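Participant: sequence unknown, structure follows:
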């Protein structure tokens, strides 16, 4: 195996195309895949202890829902490919977190879909693809 390819996955059609693209490259290169789903999360320091506890509970529910609704079906689909697949499920700023995951796994490339589910947020704050293209420590492939 020559390395790992990190794929940002949000369940969108373009993310599914990114997985297929990365799978083709991983198969050809003898690499593994790391499928990462990042839930956007911004900490609030002004919340009461009760509000923080409720937010932590919701966070755990969202993580469990993402694991069962997004990552588990994808892992099942990829199980017969012969390509080793790992998953990462984290909270944080999406682009920054993907860069951290790539570094942690020693990935040689990041593959993402061009558009995801958060079009309004992308228009307001900038796209994940644009941020990754500028900040990632390794090459980024953006799949249309």
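Facilitator: Perfect, I can see it now. Computed from a prediction, not measured in an experiment: that's the story for all the values here.

Participant: Every contact and neighbour count from this point should use C-alpha atoms.
Facilitator: Fine.

Participant: Give me the neighbour count for residue 69.
Facilitator: Number of residues near residue 69 (other Cα atoms under 10 Å) recorded here: 12.

Participant: Equivalent analysis for the one 10 residues further on, please.
Facilitator: For residue 79, the tally of surrounding residues (other Cα under 10 Å) stands at 12.

Participant: now do residue 41
Facilitator: 12.

Participant: any idea which helix or strand comes after the host helix or strand of residue 53?
Facilitator: If you go by DSSP states H and E, residue 53 is part of helix 49-66. Beyond helix 49-66 in the direction of the C-terminus, DSSP H and E gives the next helix or strand as helix 72-78.

Participant: Let me know the next secondary structure element after that following helix.
Facilitator: Sequence order places strand 85-91 as the next helix or strand after helix 72-78, per DSSP H and E.

Participant: other SSEs contacting the helix or strand harbouring residue 110?
Facilitator: Taking DSSP H and E as the criterion, the element that holds residue 110 is strand 109-113. Strand 109-113 makes packing contacts with strand 4-8, helix 13-29, strand 140-143 when contacts are defined by 3 or more Cα pairs under 8 Å, 6 or more residues apart in numbering; DSSP states H and E.

Participant: and the next element down the chain from the lowest-mean-pLDDT helix or strand in the chain?
Facilitator: The helix or strand of the chain with the poorest confidence is helix 119-125; it has a mean of 49 (mean pLDDT, DSSP states H and E). Next along the chain after helix 119-125, taking DSSP H and E as the criterion, comes helix 128-135.

Participant: where's that following helix relative to the chain centroid, distance-wise?
Facilitator: Here the centre of helix 128-135 is set off from its chain's centre by 13 Å, with Cα atoms, centre = their mean, to the nearest Å.

Participant: got the angle between that helix and strand 109-113?
Facilitator: Using axes from the mean of the first three to the mean of the last three Cα atoms, to 10 degrees, the direction of helix 128-135 lies 160 degrees away from that of strand 109-113.

Participant: For helix 128-135, buried residues please.
Facilitator: Within helix 128-135, the residues that qualify as buried by neighbour count (16 or more other Cα atoms under 10 Å) are 128-129, 132-133.
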